[in-house]
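A.B. asks: Using only what follows, build the 3D model:
(chains A and B)
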Amino acid sequence: MPPAANQTNDLSWMIGGPQGSGVDSSANVFARACAAGGLHVFGKREFYSNIMGEHSYFALRAHTKLVRSHIDAVNVLATFEAETLFRHAREVTDDGAIVYDPSLAKTRLADVPTIENRLRTELQTYLISHGVGETLDDVLAASKQRGVALVPIPFKELLEQVADEFHIDQLSKISRVVNMLAIGASFGLLDYDFAMMRAALEDVFRAKAKIVEMNAAGARKAYDIARTLVPGFRYRLEKVPRTEPRLFLTGSQATALGKLYGGMRFQTYYPITPASDESEFLEENEILDLNGHGLTPDAAAPAKEKGASILVVQTEDEIAAVTMATGAALTGARSATATSGPGFSLMMEGIGWASINEVPLVITLYQRAGPSTGMPTRHEQGDLRFALHAGHGESPRIVLASGDFDECIRDGFLAFNYAERYQMPVIHLVDKALANSYATIAPPDLSDLRIDRGSLALANNGYSNDNPYKRFDLGNGPVSPRALLGQEGTVFWNTGDEHDELGHITEDPGLRNAMMEKRFAKLDLAAREIPSEAKVTYFGPKDATTVIVSWGSTKGALLDALDRLWAEGAKIGYLHVRLINPFPVEEVRAFLAKAKRRIGVEMNFGAQLAGVVREQTGTEMTHFILKYNGRPMSNTELYDAINAVSRGKAEKRTVLTRGA
Amino acid sequence: MALEQAMKPADFATEVHNDWCPGCGDFGILRTIQMALAELRMEPHRVTIVSGIGCSAKTIHYIKTYGVHTLHGRALPYATGVKLANPQLKVLCLSGDGDGLGIGGGHFVNAGRRNLDMLYIIFDNGVYGLTKGQAAPTLKLGVQTKSLAHPNINDAVNPIWLALAAGATWVGRGYSYDIKHLVSLIKQGIEHKGYAFLDVLQPCPTYNDINTKEWYGGEDRKETNNGRPLPRVYKLEGEGFDPVVHDPPEIEKKVTQALEKALEWGDRIPIGVFFKNEHVPTFEERIVQRVPGYLENPPALQPIAGPQGEPRTDLTRLIQRLTFKGA
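C.D. replies: I've put the predicted structure just below:
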């Protein structure tokens, strides 16, 4: 058989190590080095709810084209420790390579206490089936049997050389350089221009010249060793010309950007994974710039207006977070809180209050695997039903779900427009897979976005004792002009009780009906006014007989999988739902009307969106592809599952199980 | 902020029907808030009063300022949000003792840590009135008010101690039937720079048949010679008590004397100012350290859009930070 052709700029790379050892920052350097050469990257971060010691890893894809998801296979696995090899060696493709520390060869499976019993048993069975023992050497031998190239890097020796060269007395002071050795070796294998790695080191360590030099020196040594050991490695990375600048960011940062651009000036939070990242990013960037037209600097802006800022408040709990943000929203500040499942559970009563008082409040809900504490650092789309119904009684709210970084930015922005135009809480669903992933994207074109503050009451607008301002005026449609606390001539009252037009308590049955109908009529208005393109997106041939319905972060893996299926001629459509409430009934009905096979793809057990689709449109899914093991869907497992359904070879319900 | 012309308490009254029980101590507190606002010549629209849930919380509907009647236990975080987003507003926050010290106890502690410039008043009657008289956090151990099946099995929390421990920089106690004194306390609390906590003893004539108006007034223990009642409530200032921390080194001494005074109960119940310390930076001042333009340009008053809705937030700097320039 002739040797396979080289595969350039299409790579799946993984680095692993104990938490707290610098896996994240090394993945950051790898990704930035790829970006420096004009490549697109997508990085998935997996970690335990733990500060130090448990296994974490970063799976990263590099490609000439935009990458939106991860795949299951790994072409290059790099690590300086044993656990990563035990856990992930089997994921390496037969034509791939493993960068490792040969001094660990005698480590036994039993020596790694952080491997769960279930996995340990599975690994033992695997090793026995290969007729080998239980040491790392045995794992590597099994890999080698398959054709995997082994790349031993003498980490300690190289570290000692670096210490000598830079006159460091204790090796422990530069222990983190080992990560860069693993990356250097990876790039050596891949024959990638070392200058890109240097550029990435300079970017990450900025002012610390000595650290850049030490890491670069160590990485270069490992780079040369790997290149010599495996000279003709099949996978390669090459610089590509790049014309436009690229953003390299996480989903949390993307969401923060959209919210800031949308005029958010107040955000509360209580520490929780994975939501805190957004608030911390905002805290770091609390001083803002203003200009005349969004992205164009305006020197003529009055000096007073230059003091723009966002106030981020860490509260004592999530009840305080939601109520404090609501108080701030009453003053006219665009206000939000960001949280995850357990925190959102505490916010219910506050959401109901904001809804009955028609307060524009934005809640960014970063979903993670529940129920209860669940798996705090793992992924799930389990809160769709919860977001729709959270709270006692019936309280209108708008629910949005973002599927990729661009949607995080746009929905972050739009959430405030919807909140103010329809005077109700907006729950913006993001999920852990988006929040914690890194990717390169082109700078978003936001030029079409405009801020819409909805109907506002003017100060002193002829109101008097006989003709008072009515916060909940029933006279002119469901949306009453909104006054702000502190405004002259528009004093109003709020209450969590049912209220009259002024905002005072009432239990009058007629007023109750009028107020319920007013509040829900706003939801109908939103359904009519929000344009279809902000509600759903349809991908693929219009005459598709198989149509996928999904929402949230599965979008990236779906589009990557569908690109392959479409290239193979498959007639499959994909309806991505972004506006969950009010539900885009007509759009969804129309796109599903002709589909013979309808597949619900969701990261949850109960197929929650599929249930809402059935409730709202009467249309049932014929198949489900679901996943709830806490790991996001890979485009490769989705490809297989969709393929099976579209060929009529799948059960009604396919459960995906990949991911470590 | 103050108006030129004189204001009357009636300027702060609404036409909403008041449904408190006859003889409720809340009437005195409502009246004194209206009097204090009038005496301070506050512009009604510059004042926002936030309340929780319970009889006390209904107060805001009877006052003609911005009024925000919120959730059980959550008045403080709502009020905090209002004040932080627009520090130019005068913010008062009202709770009952169940509302503020029971379900809302966590917020009570954390408000002290912040020292935001606002006044928090607790209507303190030892019972949950609106739910028909269950024991509330300031009811003493073993006391059996009339709707309790058994004597109170929990001990009482001491609001003055708790406020001091949490870091309130002004701590006072009033009595709802001493109107003149209470008006003075509310005014002092409003004018204090920082977080002021005012505990107001307030009989619940319907459910607390122990700590009644007559009991506070000492009508059960009349002087033998002239038959006049010997009131239990007495004024700290009448005994030369100086609550003010004049210099920071005095803090220990002033906290200690306040704690000692707050232990008194039963025969002699002190009211007045227990503690006042303006040497602690307010939360607003701490924010200004990070965000210099905060007070002039707080979240509520910042322009966010141009005339056609053009977003005014310039993301250039942030986008540059997240853009990788490469080699």
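
A.B. asks: residues contacting the residue nearest the centre of chain A?
C.D. replies: Computing the C-alpha centroid of chain A and ranking residues by CA atoms, centre = their mean puts A:L434 first, at 1.0 Å. Neighbouring residues of A:L434 by CB atoms under 8 Å, 6 or more residues apart in numbering or on different chains: A:251, A:254, A:402-405, A:408, A:552-553. In this view, the C-beta of every residue, glycine as well, is placed from N, C-alpha and C.

A.B. asks: same check, this time on A:M603
C.D. replies: A:379-382, A:431, A:433, A:552-554, A:626-628, A:632-633.

A.B. asks: Report the closest residue of the stretch 201-327 of chain B relative to chain A.
C.D. replies: B:G293 (2.3 Å; CB to the nearest CB).

A.B. asks: In space, what's closest to that residue - neighbours in sequence excluded?
C.D. replies: A:G307 (2.3 Å; CB to CB, 6 or more residues apart in numbering or on different chains).

A.B. asks: same thing with B:G238?
C.D. replies: Nearest residue to B:G238, sequence neighbours excluded (CB to CB, 6+ apart): B:G272, at 7.9 Å.

A.B. asks: that's a strand at that neighbour, yeah?
C.D. replies: Yes: with DSSP: H, G, I helix; E, B strand; the rest coil as the criterion, B:G272 is located in a strand.

A.B. asks: circling back: how far away is the residue of the stretch 201-327 of chain B closest to chain A from A:N285?
C.D. replies: Separation of B:G293 from A:N285 (CB to CB, to the nearest Å) stands at 15 Å.

A.B. asks: just A:A36 next, same as before
C.D. replies: With CB to CB as the criterion, A:A36 and A:N285 are 24 Å apart.

A.B. asks: And those two? Which one has more around it.
C.D. replies: The neighbour comparison of A:A36 against A:N285 (other CB atoms under 10 Å in any protein chain shown) goes to A:A36, with 25 against 19.

A.B. asks: which helices and strands does the helix or strand hosting A:A329 pack with?
C.D. replies: Assigned by DSSP states H and E, A:A329 falls within helix A:318-330. Other elements packing on helix A:318-330 under the criterion 3 or more CB pairs under 8 Å, 6 or more residues apart in numbering or on different chains; DSSP states H and E are strand A:264-269, strand A:334-340, helix A:341-346, helix A:348-356, helix B:75-85, helix B:105-114.

A.B. asks: Mind doing that once more with 7 Å?
C.D. replies: In this structure, helix A:318-330 makes packing contacts with strand A:264-269, strand A:334-340, helix A:341-346, helix A:348-356, helix B:75-85, judged by 3 or more CB pairs under 7 Å, 6 or more residues apart in numbering or on different chains; DSSP states H and E.

A.B. asks: now the nearest residue to A:Y438 once chain neighbours are set aside, what's its secondary structure?
C.D. replies: Distance criterion CB to CB, 6+ apart; nearest residue to A:Y438, sequence neighbours excluded, is A:G43 at 4.0 Å. Of the three states, A:G43 takes strand under three-state DSSP.

A.B. asks: Can you give me the neighbour number for A:G43?
C.D. replies: 26.

A.B. asks: OK, contacts around it?
C.D. replies: A:27, A:31, A:58, A:60, A:437-439 (CB atoms under 7 Å, 6 or more residues apart in numbering or on different chains).

A.B. asks: For the stretch of helix or strand A:D203 belongs to, buried residues please.
C.D. replies: For A:D203, the element it lies in under DSSP H and E is helix A:194-205. Across helix A:194-205, burial judged by 16 or more other CB atoms under 10 Å in any protein chain shown covers A:194, A:196-205.

A.B. asks: Can you name every helix or strand that the next helix or strand after that helix contacts?
C.D. replies: Following the chain from helix A:194-205 toward its C-terminal end, the next helix or strand by DSSP H and E is helix A:209-229. Contact here means 3+ CB pairs under 7 Å, 6+ apart; on that basis helix A:209-229 packs against helix A:155-165, helix A:177-190, helix A:194-205.

A.B. asks: Ok, which of those helices comes nearest chain B?
C.D. replies: helix A:194-205 (3.7 Å).

A.B. asks: so, in contact with chain B or not, the closest one?
C.D. replies: Yes: contact of helix A:194-205 with chain B (CB under 7 Å from any CB of the partner chain) involves A:195-196, A:199, A:203.

A.B. asks: With pLDDT as new columns, can those be given to me in JSON lines?
C.D. replies: Output for those, formatted as JSON lines (pLDDT from 0 to 100):
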{"residue": "A:A195", "pLDDT": "96"}
{"residue": "A:M196", "pLDDT": "95"}
{"residue": "A:A199", "pLDDT": "92"}
{"residue": "A:D203", "pLDDT": "88"}
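
A.B. asks: hang on, the earlier thing: which residues sit against the helix holding A:D203?
C.D. replies: Looking at what lies outside helix A:194-205 - CB under 7 Å, 6+ apart - the contacts are A:25, A:28-29, A:32-33, A:36-37, A:183-184, A:187, A:211-212, A:215-216, A:219-220, A:223, A:239, B:324, B:326-327.

A.B. asks: Next, the contact list for the closest residue to chain A within the stretch 101-250 of chain B, please.
C.D. replies: Residue nearest to chain A within the stretch 101-250 of chain B: B:N110 (3.9 Å; CB to the nearest CB). When contacts are counted by CB under 7 Å, 6+ apart, B:N110 is found next to A:E316.
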